[in-house]
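Undergrad: Please find the sequence and the predicted model below.
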Amino acid sequence: MKRLFWLGVGVAAGVYGSRRATRAAQSLTPAGMGANVADGLRELGAGLGAFGAEVRAGMESREQELADMVERRTGEHVPTFADAVAEDPAVRPQRARRAGR
C-alpha cells in the first residue's frame, strides 16, 4: 500500500512539473512574450481609463461645489461647462441677455 501511495505522489509530482515546464517554455517563445506584452498593455489601458474616470468625476464634483458657492455669494446662476459650450439656441440668448445687462 505504501508503494502505491508513493507511486501516485511521484506521478502527480511529475505531471505537475511537466505542466509547469511546458508553460514556462511557452512563455519564453515569441508568441508567449507577445501575449504577455499584450496583457500588460491591456491592463495599463484599463488602469488609465479608470484613472481618467475618477479625475472626471472629481472635476465635475468640484465644478458643482464652486458653482454653488458662487451662486450663494452672487445670487446669479452660473452656467456649467456643458452649458457654456452648448450649441443649443435656447442657451445662447440667456448668455447674450446677461452680457447685455
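TA: Structure's in. What do you need?
Undergrad: Centre-most residue in this protein?
TA: When C-alpha atoms, centre = their mean is applied to the chain, the residue found nearest the centroid is Ala50 (2.1 Å).
Undergrad: secondary structure class for that residue?
TA: Secondary structure for Ala50, judged by DSSP: H, G, I helix; E, B strand; the rest coil, is helix.
Undergrad: Would you mind giving me the confidence score for it?
TA: On pLDDT, Ala50 comes in at 96.
Undergrad: now Asn36
TA: 88.
Undergrad: Tell me how many other residues crowd Gly75.
TA: By other C-beta atoms under 10 Å, 7 other residues sit near Gly75. All C-beta atoms are positioned from the backbone trio N, CA, C, and that covers glycine.
Undergrad: er, Thr80 actually
TA: 13.
Undergrad: and it, what does it touch?
TA: Residues in contact with Thr80 (C-beta atoms under 8 Å, 6 or more residues apart in numbering) are 63-64, 67.
Undergrad: would you list these in a markdown table and tack on neighbour count?
TA: Formatted as a markdown table, the contacts of Thr80 follow (neighbours: other C-beta atoms under 10 Å):
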| residue | neighbour count |
| --- | --- |
| Glu63 | 14 |
| Gln64 | 12 |
| Ala67 | 15 |
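Undergrad: export these to CSV and tack on secondary structure, pLDDT and distance to Arg42?
TA: Below are those laid out as CSV (DSSP: H, G, I helix; E, B strand; the rest coil; pLDDT from 0 to 100; distance: C-beta to C-beta, whole Å):
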residue, secondary structure, pLDDT, distance to Arg42
Glu63, helix, 89, 32
Gln64, helix, 89, 33
Ala67, helix, 89, 38
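Undergrad: For Pro30, state which of those is nearest.
TA: Taking C-beta to C-beta as the measure, Pro30 lies nearest Glu63 of these, at 48.5 Å.
Undergrad: I'd guessed that closest one sits against Ala82; true?
TA: No. The criterion here is C-beta atoms under 8 Å, and Glu63 misses it with Ala82 at 9.7 Å.
Undergrad: For the helix or strand containing Ala25, give the mean pLDDT please.
TA: Using DSSP states H and E, Ala25 falls within helix 2-27. Confidence for helix 2-27, expressed as mean pLDDT, is 92.
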